[in-house]
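Chemist: Pasting the sequence and the predicted model now:
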Amino acid sequence: MPAHPTAQGGGPGWANLGMDIVSVKRVRRLLDDHGEDFFQRMLNPGELDDCRTSSGLDLLSLCGRIAAKEAAFKTLRVRGRFLPWRDIVVRRSDGGWPLVELRRTAAEMAAESGIQDITVSISHDVDYAVAVAAPVLGDPRHRP
């Protein structure tokens, strides 16, 4: 069930932010236990390529992508729905900042919630990656 992202009583201009934090230690453990294939369920090949360096997969970049997807999903404010991992795509722009593309299920959820787009910021340092996402509001197809 979608929920319009405008904060109750907040009026126009107020929207729900999404935020997430990911532990590098936890992602390293998942990578060690299950290999890179595990993350192919969450990220598409282009996203994984964005996380690679000449020495291999960069854990901080990987954690940042995961945090960004979670944060973007949280802006949608949907109940009883699982995060459509591969339908929220976080890629690196030519300028280096992250861009969010909503596909299929994620795009439908966003449209139902009156969200036209999502902008995200990612930061990481040694042990953690964090991301904050903000919806770009439009006219919803349905209002609760």
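Modeler: That came through fine.
Chemist: Not counting the helix or strand of the chain with the lowest mean pLDDT itself, show me its contacts.
Modeler: Least confident element among the helices and strands of the chain, by mean pLDDT, DSSP states H and E: strand 56-57 (a mean of 89). Identification of contacts with strand 56-57 by CB atoms under 8 Å, 6 or more residues apart in numbering yields Leu31, Glu36, Leu48, Cys51. No exception for glycine: its C-beta is placed from N, CA and C like everyone else's.
Chemist: Hmm, the second one is touching Cys51, no?
Modeler: No: applying CB atoms under 8 Å as the test, Glu36 and Cys51 come out as separate, 9.9 Å apart.
Chemist: the helices in this protein, which residues?
Modeler: For the chain, the helices defined by DSSP state H cover 24-34, 45-50, 59-76, 104-112.
Chemist: May I see the buried residues of the first one?
Modeler: Just to be clear, that refers to helix 24-34. Val24, Val27 (16 or more other CB atoms under 10 Å).
Chemist: For stretch 128-141, give the mean pLDDT please.
Modeler: Averaging pLDDT along stretch 128-141 gives 84.
Chemist: go on, stretch 66-85?
Modeler: Here the average pLDDT along stretch 66-85 is 92.
Chemist: Show me the contact partners of that stretch.
Modeler: By CB under 8 Å, 6+ apart, stretch 66-85 touches 1-5, 15-22, 27, 41-43, 88, 90, 98, 100, 102, 104-106, 109-110, 112-113, 115, 118, 120, 122, 129-135.
Chemist: Would you list the buried entries among those?
Modeler: 2-5, 15-16, 18, 20, 22, 27, 42-43, 88, 90, 98, 100, 102, 106, 109-110, 112-113, 115, 118, 120, 122, 129-135.
Chemist: Tell me which entries of those residues lie within strands.
Modeler: 18, 20, 22, 88, 90, 98, 100, 102, 115, 118, 120, 122, 129-135 (DSSP state E).
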